[in-house]
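Chemist: okay, sequence plus prediction incoming.
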Amino acid sequence: MSRPRRKIRLERPPGTKFDEALADRAVRFFEERLTHTNGKFAGRPFLLLPDQKHDIREVFGRVDDNGNRVIKTWFEEVPKKNGKSAKAAGVATKLLFADSEIGAEVYGAAGDRDQAGIVFGVAANMVRNSKLLSQRSKIIDSTKRIVVPGTSSFYRVLSSEVASKHGFNSSGIIFDEVHTQPNERLWEVLTFGSGAAREQPLTFAITTAGIPGESPVAERLHVDADQILRGIIPCPADFYPVIYGAEDEDDWTDEEVWRATNPLLAAGVMRIEALRTDFERARRYAAEENSFRRLHLNQWVKSETRWINMDDWDACETIIDVNQLRHLPCCLGIDLSTKLDLTAIVAVWFDSAGGLFYVMPFFFAPADNLDKRAQTEAMKYKAWAKSGHLTLTAGDEVDFGFVRQRIKALCEQMNVVSIGYDPQFAGYLAQRLKEEDGLPMLEIKQGFNFFNEPCIELESALIARRIRHNGHPVLRWNADCVTVRKNDAGMLRPVKPDRMKNSNRIDGIVAMLMGIFAQLRTPGPRRSIYEERAPLIF
């Protein structure tokens, strides 16, 4: 195991002066004026840990020939639950009350106003806990402001809508969770030229690791900080980088790695039991691994992660006899294809007596475009067609009329109570099946709101061995291909592969999830997924 990358202390850039008195003054402000506001340390003085004290001293102690602060941007990446909000709130109050700035304008920003309001709430409570600071200021909770009349200064929380506005004369910016910024607009408005009239403006950007390709501001800052800390590029005099994070090759299951990357855990402030709980969930549910690594080890992992454990999948294989399932309600999920995708119909039965799902897939592809596919892909499809696992329909696109007849035949053979479909691609076929054939169609608009529930159900059922499938090779291939993405609310959805860049296909799993979703909407007794695990709290 390589040594995890804890914060590296850089040499001060050449030509930078250091004012011991200013550094000491900043530390005293934290430790003598501020208190912790929640948890077991609530009400106690904000005594800085050694690394925190080092950072505060370096940022506020480095000055130019005129005695003005040199550091303009302080970027810090730190895992979740390491006192990020308290530290940011402390910096905000320092800039507001004790930065020798008349008419100070300190702004708080984040992914949205509510997120930025978290740091404000901590700062406001710090002020309330200080007799001196509370006497000098007025807290306006309704507009999330702290006003200091004596110096005409204020701290104000901004909404993301200000990305279209300019004209700020900021002396300080507290930018929380930079990784949530979907583009550069808000960052540019607040940091480019907004403090040009100030002698020593400071932007404190603090965040957990983001998602490559989805967190442009944080990713750019991360790359710069990482290259500086590794000695690849020199550090600008006005930039102060801090990163706590594990290297890609580090063992994410090793508790020593956790301690090396979580400063409050290393200091004995954070309880390791909280990380162990999240770790056990991540080890049991494959889709949780990247979340654990990103939030607790501060690793920039891909947003998409291989989802289904194939050992779990293969352990659920059995012989499926449709005749023995006639008494059970059956739901179909249909995923219609483009020219390059597969068309899939997956039948899903649910046996409430044992809490078991039975699944059986049917796949279709156009015969005339097989030779236009990559050689290995075409060979797979031809082999599956020969073995009877894939039906080739005439033409360059799947014959939806043929698929319609197959659905009708399945409904005659099975006790079909609902047919789930995506209206974006199957609207016309669904209309004919409903109005002309009288079949029970269920419109499912796909997205996180739809996929999350059946994804969690499928995860749980696989682990608990409550899925029964017939080992269909095409569905097994789809299961191995599927990756999932999680949004900030912790909701899951499978990710469609880029059809032009690879030959992975997940159409059978998508249809299967629609079938499970339809089953979850079918009245009748049902076994709760929480009989296998505790609720997931995000």
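Modeler: Yep, it's here.
Chemist: every contact and neighbour count from this point should use C-alpha atoms.
Modeler: OK.
Chemist: next one: residue 123 from residue 109, what distance?
Modeler: From residue 123 over to residue 109 the distance is 14 Å, taken as CA to CA, to the nearest Å.
Chemist: secondary structure element for residue 91, which one?
Modeler: Taking DSSP states H and E as the definition, one finds residue 91 inside helix 84-97.
Chemist: that helix - contacts with which helices or strands?
Modeler: If contacts are counted by 3 or more CA pairs under 8 Å, 6 or more residues apart in numbering; DSSP states H and E, helix 84-97 sits against strand 105-109, helix 113-128, strand 153-157, strand 172-176, strand 202-207.
Chemist: try 6 Å this time
Modeler: Here helix 84-97 touches helix 113-128, going by 3 or more CA pairs under 6 Å, 6 or more residues apart in numbering; DSSP states H and E.
Chemist: give the rounded mean pLDDT of the helix it packs on.
Modeler: When pLDDT is averaged over helix 113-128, the result is 93.
Chemist: other residues contacting the helix or strand hosting residue 135?
Modeler: Assigned by DSSP H and E, residue 135 belongs to helix 131-136. Here helix 131-136 makes contact (CA atoms under 6 Å, 6 or more residues apart in numbering) with 127-128.
Chemist: quick one: mean pLDDT for that helix?
Modeler: Throughout helix 131-136, pLDDT has a mean value of 96.
Chemist: which parts of that helix are buried?
Modeler: Neighbour-count burial for helix 131-136 flags 133-134 (criterion: 16 or more other CA atoms under 10 Å).
Chemist: point out where the stretch 301-450 of the chain drops to low pLDDT.
Modeler: Low-confidence segments of the stretch 301-450 of the chain (pLDDT under 70): 302-305, 338-340, 372-377.
Chemist: what segments of it are helices?
Modeler: Along the stretch 301-450 of the chain, counting by DSSP state H, counting those that start in this stretch, helices occupy 310-315, 375-387, 400-413, 423-435, 448-463.
Chemist: deepest-packed of those helices, please.
Modeler: Stretch with highest mean neighbour count among the helices of the stretch 301-450 of the chain: helix 448-463 (a mean of 19; mean count of other CA atoms under 10 Å).
Chemist: okay, domains of this protein per the record?
Modeler: Domains of the chain are assigned by automatic domain parsing as 17-251, 310-531.
Chemist: JSON lines for these, including distance to residue 270?
Modeler: Converted to JSON lines, these look like this (distance: least, CA to CA, whole Å):
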{"stretch": "domain 17-251", "distance to residue 270": "8"}
{"stretch": "domain 310-531", "distance to residue 270": "23"}
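Chemist: and those: which comes nearest residue 267?
Modeler: For those, proximity to residue 267 was assessed by CA to CA; domain 17-251 is nearest, at 7.8 Å.
Chemist: next one: the closest one to chain centre, how far?
Modeler: Relative to the centre of its chain, domain 17-251 is centred 23 Å away, using CA atoms, centre = their mean, to the nearest Å.
Chemist: quick one: end-to-end distance for that domain.
Modeler: Separation of the first and last residues of domain 17-251 by CA to CA is 40 Å.
Chemist: which residues does residue 493 bridge with?
Modeler: Taking DSSP bridges as the rule, residue 493 bridges to residue 485.
Chemist: give me every residue that touches it.
Modeler: Residue 493 makes contact with 448, 451-452, 484-485 under the criterion CA under 6 Å, 6+ apart.
Chemist: how about residue 113: what's its closest non-neighbour residue?
Modeler: In this structure, residue 113 finds its nearest non-sequential neighbour in residue 159, 4.6 Å apart by CA to CA, 6 or more residues apart in numbering.
Chemist: for burial, what's the neighbour tally of the nearest residue to residue 71 once chain neighbours are set aside?
Modeler: Closest residue in space to residue 71, ignoring its immediate chain neighbours: residue 238 at 4.1 Å, by CA to CA, 6+ apart. Neighbours of residue 238 under the rule other CA atoms under 10 Å: 17.
Chemist: repeat for the one 5 residues further on
Modeler: For residue 243, the count of nearby residues is 24 (other CA under 10 Å).
Chemist: thought it was touching residue 77?
Modeler: Yes - when contacts are counted by CA atoms under 6 Å, residue 243 is listed as touching residue 77 (4.8 Å).
Chemist: thinking again about what came up before, next, the angle from the helix holding residue 91 to strand 105-109.
Modeler: Going by axes from the mean of the first three to the mean of the last three CA atoms, to 10 degrees, helix 84-97 is angled at 160 degrees with respect to strand 105-109.
Chemist: state the mean pLDDT of helix 84-97.
Modeler: Rounded mean pLDDT across helix 84-97 is 96.
Chemist: residues making contact with it?
Modeler: Residues from elsewhere that reach helix 84-97 (CA under 6 Å, 6+ apart): 119, 123.
Chemist: just the C-alphas of that helix, formatted as CSV.
Modeler: Provided in CSV are the C-alpha atoms of helix 84-97 (Å, rounded to 0.1, in the frame of the first residue of the first chain):
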residue,chain,number,x,y,z
LYS,A,84,-15.7,21.6,6.9
SER,A,85,-18.7,23.8,7.7
ALA,A,86,-17.2,24.9,11.1
LYS,A,87,-13.9,25.9,9.5
ALA,A,88,-15.6,27.8,6.7
ALA,A,89,-17.9,29.6,9.2
GLY,A,90,-14.8,30.5,11.2
VAL,A,91,-13.1,32.0,8.2
ALA,A,92,-16.2,33.9,7.3
THR,A,93,-16.5,35.5,10.7
LYS,A,94,-12.7,36.3,10.7
LEU,A,95,-13.1,38.1,7.4
LEU,A,96,-16.2,40.0,8.7
PHE,A,97,-15.0,41.1,12.1
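Chemist: for residue 396, give its distance to residue 70.
Modeler: When CA to CA is the yardstick, residue 396 and residue 70 sit 65 Å from each other.
Chemist: of these two, who's got more company?
Modeler: Set residue 396 next to residue 70 and count neighbours by other CA under 10 Å: residue 70 wins out with 25 against 14.
Chemist: just to check, the more buried one is in contact with residue 63?
Modeler: Yes - using CA under 6 Å, residue 70 is in contact with residue 63, at 4.9 Å.
Chemist: just after the helix holding residue 135, pick out the following helix or strand.
Modeler: strand 138-140.
Chemist: neighbouring strands - and their directions - for that following strand?
Modeler: strand 145-148 (antiparallel).
Chemist: about what we covered before: and the residue nearest to residue 71, how far from residue 435?
Modeler: From residue 238 to residue 435 the distance is 68 Å (CA to CA).
Chemist: just to check, residue 359 is in contact with residue 348?
Modeler: Yes - with contact defined as CA under 6 Å, residue 359 reaches residue 348; the gap is 4.6 Å.
Chemist: which one's more surrounded, those two?
Modeler: Neighbour comparison, residue 359 and residue 348: the larger count goes to residue 348, with 29 against 24 (by other CA under 10 Å).
Chemist: in the sheet, who's paired with that one?
Modeler: Per DSSP bridges, the residues bridged to residue 348 are residue 331, residue 359.
Chemist: contacts only, for it.
Modeler: Applying CA under 6 Å, 6+ apart, we find residue 348 in contact with 330-331, 358-359, 515.
Chemist: can you turn the buried part of those into a PyMOL selection?
Modeler: Buried subset of the contacts of residue 348, written as a PyMOL selection, criterion 16+ other CA under 10 Å:
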select buried, resi 330+331+358+359+515
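Chemist: in TSV: the contacts of residue 348, plus distance to residue 83.
Modeler: What follows is the contacts of residue 348, written out as TSV (distance: CA to CA, whole Å):
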residue	distance to residue 83
330	51
331	48
358	47
359	47
515	44
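Chemist: which non-adjacent residue is nearest residue 237?
Modeler: Closest to residue 237 by CA to CA, 6+ apart is residue 13, at 5.7 Å.
Chemist: the one you found and residue 269: what is the separation?
Modeler: According to CA to CA, residue 13 stands 32 Å off from residue 269.
Chemist: any chance you could map the helices in the stretch 151-300 of the chain?
Modeler: Assigned by DSSP H, counting those that start in this stretch, the stretch 151-300 of the chain shows helices spanning 185-191, 216-229, 255-261, 263-266, 272-284, 289-296.
Chemist: residues touching the third one, excluding its own?
Modeler: Residues external to helix 255-261 that are found in contact with it (CA under 6 Å, 6+ apart): 6, 244-245, 265-266, 297.
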